[in-house]
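Novice: any chance you can model this:
(2 chains)
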Amino acid sequence: MTADHGSSNGATPDAGGAASGSSETTSGAAGAASGAAGAASGAGHEHPAHVSPPPRAIPGSGAPGRHLLVVLVMDRPGVLNRVASLMRARNFNIDSLAVSRTDQPSISRMTLTLHGDAVAVEQATKQLYRLVDVLKVQDVTADQLVEHELAFVKVRTTPANRSEVIKIVELYKGRVVDVAPESVIVEATGTEGEIDALVALLRSYGIKELVRTGAVVMLRGAGSIEEALKR
Amino acid sequence: MTRGEPPGRRAAGTADPADESGTRTRSTNESRTPTRSTNESRTPTRSTGAAPKSAARPHRSHVPADGTPAAVAVEQARREMLHEGRRRKRTRIGADALMEALLLQGTDTLFSYPGGVILPIYDILADYPEIRHVLVRHEQGGGHAADGYARASGRVGVCMGTSGPGATNLVTALATAQLDSVPVVAITGNVPAALLGKDAFQEIDITGITLPMTKHNYLVRDGDDIPRVVAEAFHIARTGRPGPVHIDITKDALQQETTAEHPSLDEIVAGLPGFRPKLDGHPKQLKTAAREIAAAKRPLILAGHGVLVAEAWDELRAFAEKTQIPVAWTLLGIGAMDEQHPLAYGYMGMHGWKHVNRAIQAADLLIAIGMRFDDRVTGSVRTYAPYARIIHADIDPAEIGKNVAVEVPIVGDAKRVLEGLTLMTAEVDPATRADYLAELAEWRLESEGSSWHGSGAWRGGLLSADFVVQRIGELTDHVATYVADVGQNQMWLARYTRFRRPRSHLSSGGLGTMGYSVPAAMGAALGNPGAETWAITGDGGFQMTSQELMTLAADRIPVKIALLDNKKLGMIRQWQEIVYAGNYHSSHLPGPDFVKLADAYGIPGFKATTTADVDRTIKAAQAVDGPALIWFEIAEEQNVLPMMPAGKGLSDLIETWGGPEE
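Specialist: Next up is the predicted model:
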């Protein structure tokens, strides 16, 4: 009862056959269309029969990083559900998602943050484009941009430490929007890192409640994602 | 049961048949007279090669056999009077808008099952005799029939069911169509809008269910939206990478009086700014690809379903001939190349031919057209085609770089990309590829010789399945429509039947839906009535949807069913034997007397138990005017080999198991 595991497989082109191929057969990311010259000169780089080629890269297996996507969608019922369902079905984790109207009545804007390697995030982008209601997806991670999110933090305070809390909040350019005998509500805006830092400081006083909107972003300079859409 | 016209006439590609027969009931109302676009009536043909065997079998009419032309005319006139009177009485409602929109889209067949909330449609259905209504016996059968209709004809298939269970029964068929990119429009009813979300009788959030398994879906609560939504749905279903679109319409929207007009295609396109499939390959990418092709010494074309969807079979052949590159195909790419063409190399993947997989592993360039490097095609990606650079052309950008990293991505329609590549590549003298092609030919000879098939008898004279499917192919001149089920029968068919015509092979490749064969063949027979239609199924899959035998019998749909009965879930048994150390739990599947079963439905049944019975029963089934079933009692423990174990690579094929096969 033995399985013959393809004893005479053809994986290695024999010397008589016209074997070729550059040594860069697995050139990582999709979209690398530049390497034609490598193949053209392939005759000089034949694989010796005893050297097995490097394993082919599996897309999406690179180092994950944080990515920011701006998604413009038609403002139609269910579109948020479509985006969320797609991300879940395709095995992407959304870190945050902010949705709002734009200046154009039929168009909504979503700002998504997610983790993944560049190829995986590009795949997420392409999958989003398959949705009929999605107009534009732009990965702005590497762009110059303004990025902020809003947080409300309900902090436990006593008359003794209230002014101390307010001082910390002012240091982070936040403000206190509600004061009660045993708590204050702090409003803060900033990048994800700034809010994280403030929240970490306030935690020592006791956080009763916390809510964050997730990042919204806009590219610096005169360029406009919305205007690009009209063109 | 009288129809206004035999649907088969549509396939002739002539003008609107109603104009010649004068039988249309609705000719008085100009605004509601649909004009069908002429390219809706295409039937696939190759510019060379075998033509479909159309004239050989005269009976293709769906008018009941007892209806003489005179009797049909009288019946028609009677109906016309009836409906004239009725139409004067009533107003145009949402259901009318729906049927008009279907007619405008060229729909001639509707596979459907009635239910509470779609009764408004059934109430007016008889007013639209141009649309043949096929009353299926289960909504899943209707969904697969629409799928088979679409794959066999290249047109959009339409199915319909009621809310709740009717709609959920359609789900498997929609998922099947989604995974295989088949243009299907599914219509369901839903409870009146005021009851949505109230857990009303037969209410379920069906658009929530179909969202991830359709290309797009709609919930319509306003009858005025129906014309636009239906037109959008058809446009989306058939444009770019095709796929199923689901329309859920509330009962009150179907009953609502409406004057909404049907939009033009331009208006539809303008209303879908997010849906602009890119058809032309980028010239720079095409140029890069042409350079790669010129440099390659061991190139191989991998043809997928996209070639058939784009009707690019002539372009594929022209490109292959000009560049002298052999063509391998995926399961759904079968038929893209005439298998008797000298450059046709074979079927790839898990149960593909060894010589094809070997050629892939030794290639220095893969030119993948309209395929998606599914795991059944690649096996382990890390060891896949280790020496090859890859050119990947697909109309869906998301497919490129999804499973395999590629060197030259091209986003575009297979037809245009192949045209572009043919233009940009230089003609290759066959002599320069002589060594390569000779080596491939040698591998093929070796593989076909050693891989056991076609001898007719397996171990001690039992009937072997591959002999059966091979004879079915030969006795139908390889140009019938063959519809596979899922499992061993599907693989035997793909390997041994030999296909010569585009759209002649239908198979649930992506989802692997058991029970697909018989209902899909039912749709295929109506979608391409010029071709003989065979359902090749196993005993397991057949028993999942055998209720459609009644539809075949009642509507006299001429499907020939080849039931390969090994009294097993054959592929499950094979995996249990090879991967699970012979632990045969639940793969033994006793079935009924299938000839008696067919007989109960009024369908002629034949039984074959030996090699000698095969030709006789096939010919007997072919001679039946209408549906027929052949019960092939095949060897119970025959495996499909070679086989690539899951997780292994294309070089790790299992070629023999448990001793000599012959």
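Novice: only C-alpha atoms for contact and neighbour calcs from this point on.
Specialist: OK.
Novice: tell me who's in contact with the residue sitting nearest the centre point of chain B.
Specialist: Centroid check for chain B by CA atoms, centre = their mean gives residue B:151 as the closest residue, at 3.5 Å. Listed by CA atoms under 8 Å, 6 or more residues apart in numbering or on different chains, the contact partners of residue B:151 are B:182, B:503, B:506, B:524.
Novice: what's the closest of those residues to chain A?
Specialist: Proximity of the contacts of residue B:151 to chain A (CA to the nearest CA) peaks at residue B:182, which lies at 15.5 Å.
Novice: then the closest one would be within a helix, right?
Specialist: No - under DSSP: H, G, I helix; E, B strand; the rest coil, residue B:182 falls outside any helix and is assigned coil.
Novice: quick check: it touching residue B:240?
Specialist: No - with the criterion set as CA atoms under 8 Å, residue B:182 and residue B:240 do not qualify as a contacting pair; they are 11.2 Å apart.
Novice: low-scoring stretches of chain B, by residue?
Specialist: When residues are selected by pLDDT under 70, those of chain B lie in B:1-67, B:74-75, B:77-89, B:449-456, B:659-662.
Novice: closest to the centroid, which residue in chain A?
Specialist: Taking CA atoms, centre = their mean, the centroid of chain A lies closest to residue A:67, which sits 2.6 Å from it.
Novice: and the strands in the stretch 301-450 of chain B?
Specialist: In the stretch 301-450 of chain B, the segments counted as strands under DSSP state E, counting those that start in this stretch are B:327-329, B:344-347, B:365-369, B:389-394, B:408-411.
Novice: these: which one's closest to residue B:186?
Specialist: Comparing the strands of the stretch 301-450 of chain B by their distance to residue B:186 (CA to CA), the top pick is strand B:389-394, with 25.7 Å.
Novice: roughly how far is that closest one from the heart of the chain?
Specialist: Taking the mean C-alpha point of strand B:389-394 and that of its whole chain, the gap between them comes to 25 Å (CA atoms, centre = their mean, to the nearest Å).
Novice: could you do stretch A:80-98 as well?
Specialist: Taking the mean of its C-alpha atoms, stretch A:80-98 sits 11 Å from the chain's own mean (CA atoms, centre = their mean).
Novice: check whether it comes into contact with chain B.
Specialist: Yes - legend: contact between stretch A:80-98 and chain B by CA under 8 Å from any CA of the partner chain is shown at A:82, A:85, A:86, A:89.
Novice: the second one: neighbouring residues, count only.
Specialist: In this case it means residue A:85. 15 (other CA atoms under 10 Å in any protein chain shown).
Novice: that one sits in which helix or strand?
Specialist: Residue A:85 is located in helix A:79-89, with elements delineated by DSSP states H and E.
Novice: ok, residues contacting that helix?
Specialist: With contact meaning CA under 8 Å, 6+ apart, helix A:79-89 is reached by A:73, A:93, A:94, A:124, A:127, A:128, A:131, A:133, B:211, B:212.
Novice: parallel or antiparallel, which strands does whatever helix or strand comes next after it pair with?
Specialist: Using DSSP H and E, the helix or strand that follows helix A:79-89 in sequence is strand A:94-101. The strands that strand A:94-101 pairs with in its sheet are strand A:107-116 (antiparallel) (by DSSP bridges).
Novice: for the stretch 451-600 of chain B, which segments count as strands?
Specialist: Here the stretch 451-600 of chain B has its strands, by DSSP E, counting those that start in this stretch, at B:457-458, B:462-463, B:481-484, B:505-506, B:533-538, B:559-565.
Novice: what does the third one rub up against?
Specialist: Defining contact as CA under 8 Å, 6+ apart, one finds that strand B:481-484 is touched by B:152, B:490, B:493, B:503-508, B:516-518, B:520-521, B:524-525, B:531-537.
Novice: restrict that strand to CA atoms and write it as PDB.
Specialist: The C-alpha coordinates for strand B:481-484 follow below in PDB (Å, rounded to 0.1, in the frame of the first residue of the first chain):
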ATOM      1  CA  THR B 481     -23.900  19.700 -23.400                       C
ATOM      2  CA  TYR B 482     -22.500  17.700 -20.600                       C
ATOM      3  CA  VAL B 483     -23.500  18.700 -17.100                       C
ATOM      4  CA  ALA B 484     -21.500  17.200 -14.200                       C
END
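Novice: and the nearest residue to residue B:604 once chain neighbours are set aside, what are its bridge partners?
Specialist: For residue B:604, the nearest residue in space outside its immediate sequence neighbours is residue B:628; the separation is 5.1 Å by CA to CA, 6 or more residues apart in numbering or on different chains. According to DSSP bridges, the residues that bridge with residue B:628 are residue B:560.
Novice: great, nothing more from me.
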